[in-house]
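Chemist: sequence and predicted structure are below.
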Amino acid sequence: MKKEIRSRVRTWHQVIGRTLVLNLGGRRRVLSSAPQGGGFRSASHIINHQVDANPIMNGHFSDPARYLRKLASQLKIGYYTVGLMTAVPMTQLVTSRVSVGVLWVECFATVGVTNAVRAGEWPLYLDLRRKTHSTRVGTINLIVVTNGSLSTSAMVGAVQVATETKTGVLRDHAVPSVKGRSKATGTGTDAVVIACRTRGQGPWYPYSGTHTIIGAMVGRVVASCVSRGLQKANAWQERHQ
């Protein structure tokens with residue numbers, strides 16, 4: 001399956017088989033917690049690849065970064081790629097976009113919550129012999145892209161806003177921790193990516209907190225994606241009970 005969509009804001013994304021490929025339209029500044037290309041770096045593409053449930057636990061991907069680099073090479077999108085993994089099918093991909101004047105912000109997300117946890121809970125060591133843990137697809141991957149040019153601290157601020165928003169939506173929907181004793185704030189394998197333009201290539205924003213326009217825009221697109229992603233995740237869980 002290959003589906004290509006050209007957005008109205010010079011961003012392109014394709015779903016190629018089990019992989020979302022996001023073309024940033026050139027080298028951009030990226031901050032992420034991705035297994036491949038994480039931290040601060042320059043990137044031209046971002047991928048979010050669907051794998052089997054618990055691939056690392058099943059021994060399929062002992063080195064996710066190496067696997068994702070190989071996949072990027074096979075997709076012919078080059079070295080400057082940030083890569084994410086998820087067990088959520090790409091049919092559950094959700095997107096959102098807002099714009100104010102010349103500034104725009106987009107979010108691309110896959111949402112799974114069967115691995116939901118509350119921050120601060122002690123890690124849950126899973127018994128690999130229990131079949132109930134082999135079908136977990138709990139990851140919320142958030143990719144936020146803007147044509148704004150953010151300072152380094154503003155990029156960190158955007159991560160903060162995206163995370164606050166995700167947690168707020170989970171609490172609004174009363175998503176429980178897998179331990180069942182409290183409400184979840186995220187999942188144990190969440191990842192977030194922020195991509196923006198370099199200074200001089202887009203509107204400049206030294207700050208991105210919730211009192212700023214760009215912070216509010218990040219919050220809106222992430223809230224939209226996580227809310228709709230939860231609906232799809234709940235439908236998936238009902239079909240696989």
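Modeler: That came in fine, so what should we check first? Numbering: from 1, shown residues only.

Chemist: CA atoms for contacts and neighbours, from now on please.
Modeler: Fine.

Chemist: which positions in the longest helix anywhere in the chain come out as buried?
Modeler: Longest helix in the chain, counting residues (DSSP state H): helix 213-239. Within helix 213-239, the residues scored as buried using 16 or more other C-alpha atoms under 10 Å are 214-230, 232-233, 236.

Chemist: and Trp12, what pLDDT?
Modeler: Trp12 is assigned 88 on the pLDDT scale.

Chemist: okay, now it: neighbour count?
Modeler: Counted with other C-alpha atoms under 10 Å, the neighbours of Trp12 add up to 16.

Chemist: what residues are up against Tyr207?
Modeler: Going by C-alpha atoms under 8 Å, 6 or more residues apart in numbering, Tyr207 touches 150-151, 153-154, 157.

Chemist: which one (most neighbours) among these?
Modeler: Result: Leu150 is most packed of the contacts of Tyr207 (other C-alpha under 10 Å), 27 neighbours.

Chemist: for it, list each beta-bridge partner.
Modeler: Legend: beta-bridge partners of Leu150 under DSSP bridges are Tyr205.

Chemist: that one and Arg199 touch, don't they?
Modeler: Yes - using C-alpha atoms under 8 Å as the test, Leu150 is close enough to Arg199 to be in contact (7.4 Å).

Chemist: in the longest strand anywhere in the chain, what counts as buried?
Modeler: In the chain, taking DSSP state E as the definition, the longest strand is strand 19-32. Neighbour-count burial for strand 19-32 flags 19-24, 27-32 (criterion: 16+ other C-alpha under 10 Å).

Chemist: which element follows the lowest-mean-pLDDT helix or strand in the chain toward the C-terminus?
Modeler: Counting by mean pLDDT, DSSP states H and E, the chain has its least confident helix or strand at strand 2-6, which shows a mean of 46. Downstream of strand 2-6, the first helix or strand assigned by DSSP states H and E is strand 12-16.
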